[in-house]
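Colleague: next come a sequence and a model predicted from it.
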Amino acid sequence: MNHAIILTYLEYCKTHKRLSPHTIRAYKNDLTQFYNSNLDDVELYIEYLTKSNLKTSTLRRKIASLKVFYHYLKVQNLIENNPFHQVRFQFRTEKTLPKTISQKTLKHIYFYLEQKMTNAKTDYQKQKSLRNLLIISLLLSTGIRISELCHIRLNDISLSNHSLHIIGKGKKERIIYLGDYTTLLLLKKYISTYCNPSNTYLFLGKSSNNPLSEQSIRLVLKKIQKQIHLTISITPHMFRHSFATMLLDSDVDIRYIQQILGHSSISVTQIYTHVSQSKQKEILSLSNPITSIISQQSKHKIKGLPIR
């Protein structure tokens, strides 16, 4: 395979399909890995991937990247036959619960960032501390994805309506209501103090034309984790998991959560229907089905039994 064809395809994805930089970057990584493997046979390469102990989600993505690439080659008459028409494969199913952050740890993180903002002395420290607190507040109060957060534009924000216009996966649009008053105040303060009307994005990267990168936010979280001596690794997506789980724990209808999170299918949202340990304890202590079956007399009898 000619590497130039991969570059042409990536440019096509950018200009014609108008895919996000995140998706194009993933395509580039996956196709470059295939090119560097020196395995021209797609079936052999997929076999190699399946033996690489990758997560099922990663394996699916890499194969999907390859599949759409070969579809492009066929449509452009660059190949005679699409090998994916003959390839058959099955994925192993992984049942992993979403990783969440405990409320105690979330309070610790929030309090730490509040203190950083209070103690900030220089303009640089004040801007960065307010930005970091606002980032955490938005992640936890809206459940938006890190990619959505980074690409919030100033004209996507309606302070009068307390809302954000979010463009999510697949360019699907949704409106998120800013229901937390403290987050709204932080947002107003950040915009009025540090945002230039000529800027495109709420959070800027190294230049005024580019948004803050996802990696920058991950580094901020890594620094927080180190400074407050957390024993677990914190990722941006864990705030989204925590947001969804806490809504479920508060008995919010899963269909509303699906809409807020921007999930195309409720089956995706249902991964959050696992019961948290605290909620499980509450349910099984206060609403255990066997409670209505065991009589008070039986309980007294059992209490009187000797324990060996």
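Modeller: Ah, there it is. Residues are numbered from 1 along each chain as shown.

Colleague: which parts of the stretch 51-200 of the chain are helices?
Modeller: Under the criterion DSSP state H, counting those that start in this stretch, helices of the stretch 51-200 of the chain are mapped to 56-75, 103-119, 123-142, 146-150, 181-194.

Colleague: flag the shaky bits of the chain, pLDDT-wise.
Modeller: Scanning the chain for pLDDT under 70 picks out the ranges 1, 88-97, 274-281, 283-284, 287-308.

Colleague: against Lys62, how distant is the residue most central in space within it?
Modeller: The chain has His237 as the residue nearest its centroid, 3.6 Å off, counting by Cα atoms, centre = their mean. When distance is defined by Cβ to Cβ, to the nearest Å, His237 is 19 Å away from Lys62. Quick note: C-beta positions are derived from backbone N, CA and C, even for glycine.

Colleague: and what of Asp41?
Modeller: Asp41 sits at a distance of 16 Å from Lys62 (criterion: Cβ to Cβ).

Colleague: between the two, which one's more packed in?
Modeller: Lys62 (21 against 10; other Cβ atoms under 10 Å).

Colleague: Arg145 is in contact with the residue nearest to the centre of the chain, correct?
Modeller: Yes - the pair His237 / Arg145 is scored as a contact, 7.3 Å apart, by Cβ atoms under 8 Å.

Colleague: going along the chain, name the helices of the stretch 201-308 of the chain.
Modeller: Going by DSSP H, counting those that start in this stretch, the stretch 201-308 of the chain shows helices at 214-227, 236-249, 254-261, 266-269, 277-286, 296-303.

Colleague: compare the ones you listed and give me the one nearest Lys99.
Modeller: Each of the helices of the stretch 201-308 of the chain was scored for nearness to Lys99 using Cβ to Cβ, and the closest is helix 236-249 (5.3 Å).

Colleague: and the closest one, which residues are buried?
Modeller: 236, 238-249 (16 or more other Cβ atoms under 10 Å).

Colleague: same check on stretch 78-89?
Modeller: For stretch 78-89, burial by neighbour count (16+ other Cβ under 10 Å) applies to 82-84.

Colleague: contacting residues around it?
Modeller: Identification of contacts with stretch 78-89 by Cβ atoms under 8 Å, 6 or more residues apart in numbering yields 5, 41-43, 46, 50, 63, 66-67, 70-71, 73-74.

Colleague: if any of those residues are buried, put those into a PyMOL selection.
Modeller: Those of the contacts of stretch 78-89 that count as buried under 16+ other Cβ under 10 Å are selected in PyMOL with:
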select buried, resi 5+42+46+63+66+70+73+74
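
Colleague: pick out the most distant pair among the contacts of stretch 78-89.
Modeller: The largest separation in the contacts of stretch 78-89, counting by Cβ to Cβ, is between Ile5 and Thr50 at 25.1 Å.
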